[in-house]
Every structure is written in structure tokens, then in C-alpha cells.
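Colleague: here is my input; please provide its structure:
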Amino acid sequence: MSSREKYVVISSDDKDVGSISNSNFKVTLRERYATQSIDRIIIKEVLVPNAFYNISDGDSVKGNGPANNILLIESSETKTQISVSIPAGQYNILQLMATLQSAINTQIATLTASVVITRDDITNLLSFTFTTTGVFTFLGISPMAPVLGFISNVSYTPTTLTITMPDPPDLSGINSVYIHSEALSDGSGIDASKGIINLVESVSMATTAYGTFAFKQNSDTELCTINYTMPRNLNVIDIRLRDREGNLLSIGTKRLTLMVKMYYTV
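Modeller: As a prediction, this is how the structure comes out:
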């Protein structure tokens, strides 16, 4: 018996009929002989589009990750919690400031109050200037807290007319994506909060602009090899794209592609 290898391209373009989407699909390979008795695989290349808004409403169908579009404000006058939300989308900082300012003012208009949002050109910190002192508290449980630049679980109340965020805003969106597959991985990864997961590969989106593609090529064989305890049939391969919290992501009509080197015994 000897070991041989084949390169296999797995693409959403070739997904089976009945697959859910271009980021949650199955591919049935026409080649059957060389996909039997696979001992190990090497993930050689991955191509993933950055199709994910930096402001998400948490809609699982849209697949842009957890919601971060809601700011929770507490009114000391009415002792009620006010939920301010903005539409999901790809925002730059000026668009975020304008949209959020309008949304807040709509919600607090009945309290005869308003706010103006500004940004310091040097520190990049956001400031919220109200027309009434000490009336509103930004709640740290707000999904939007990290986006605006304040720490989750820490609330902020202005002592003057203006409250300035302690940290710069974060509109980086999803920084990394993860490819999962029961067929290719079979529990090859471990997540701190979930335990064993079917992780195949991670791809950084840190330098990938929205609407473009992230490309990863593995040169270190040891780091990108998945060994199987028993030879397996890889005739049918499932692929799912997730964020770091395990949420399924959607890439719409864009393409997801992996190149895998398979080793089989003959």
C-alpha cells in the first residue's frame, strides 16, 4: 500500500442542489476513487469575501454577526430605559455620527432634550453634548458600547452637558472568520466557551476592505494539516462560514473557495 495525494478545489460555485447558501453548503465530488481512505488533508488556500456590515442588527438570515446597532439610554427623569437603534449597514464614522444623532434625538424629543455628536480630530474620541445636564445615562449593556468607545457593563452619565467616550470608536466590524466542516475536521478545533468544534481554518479580515476578498495561503504544512485517526470518505464535503461566536455568516452571491490537498492510500 502506498500514499498518494490529490488537490481538490471546494467552491460555493459547485454547491449541491438544496444547499442553504454560498457560505453554508455541501459539495459532492465527481471523483470517487481518490476521495476514499483519506488519511490526512492540508488546507492550502482559502478565498473568502468580506461581505459583512460593520453595524449589524443580528438578523441570522442576513448573517452579519451579533447585533451592535443598539444604544441603551436611561432617563433619570422618567426612570425608563430608552432603546436607540440604527439600520444595519457599512458605516464610516461621519455616517455613524449623523445617523445615531438623528436616532437619539427622535427618541428623546418627548423629553424636550436633544444631543449633538462631535469627534475630536486628534484623539478620535466621540462626545455627546446634551441640552439638559445629567438627564441621560449610557448603559454599558448596550450592544453598541464597543462601537462608540465605552466599555461593556460600565455605564456613563455626563456630569456636565457633555459626555466624552473613554476610548476611540471601533468600526472595524468582523475581524476574523472561521470555516467549519464536519467532513474535513471532525472535531479538530477547541473553542473556549463551546468545547470541541469542527474548525477547519481561520481567515483574518483585518486588512480586507468591505466588498473585497481575503486570501490566505498556507506555507507551513504542520499548522494547516488535519490528521484523521481512521481513514475516511470525503466524497461529500460540507462547508459553513462562522464568526468567532459561532454565528453563521452570509456572503450573498459572492464566492467562497478552498483548495485542499488530500492524501489517500492505494
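Colleague: any idea how far the lengthiest helix in the chain is from the chain center?
Modeller: Ranked by residue count, the top helix of the chain under DSSP state H comes out as helix 93-108. Distance of helix 93-108 from its chain centroid, counting by C-alpha atoms, centre = their mean, to the nearest Å, is 24 Å.
Colleague: cool, and stretch 4-17?
Modeller: From the chain centre to the centre of stretch 4-17 is a distance of 25 Å (C-alpha atoms, centre = their mean).
Colleague: now swap in stretch 131-140 and tell me
Modeller: On C-alpha atoms, centre = their mean, the centre of stretch 131-140 falls 31 Å from the chain's centre.
Colleague: what about it, average pLDDT?
Modeller: The average pLDDT within stretch 131-140 is 76.
Colleague: got it, and stretch 212-230?
Modeller: Mean predicted confidence for stretch 212-230 is 87.
Colleague: over to stretch 255-266?
Modeller: The average pLDDT for stretch 255-266 rounds to 90.
Colleague: mind listing what's buried in it?
Modeller: Using 16 or more other C-beta atoms under 10 Å as the test for burial, stretch 255-266 gives 256-264. Where C-beta positions appear, they are placed from N, C-alpha and C, glycine not excepted.
Colleague: what's it in contact with?
Modeller: Residues outside stretch 255-266 that contact it (C-beta atoms under 8 Å, 6 or more residues apart in numbering) are 1-13, 22-23, 34-49, 179, 184, 200-201, 231, 234, 239, 241.
Colleague: looking at this protein, which strand is longest?
Modeller: Scanning the chain for the longest strand, with DSSP state E as the assignment, gives strand 38-49.
Colleague: what residues of it count as buried?
Modeller: In strand 38-49, counting by 16+ other C-beta under 10 Å, buried: 38-39, 41-49.
Colleague: off-centre distance for stretch 259-266?
Modeller: The mean C-alpha position of stretch 259-266 is separated from the chain mean by 31 Å, C-alpha atoms, centre = their mean.
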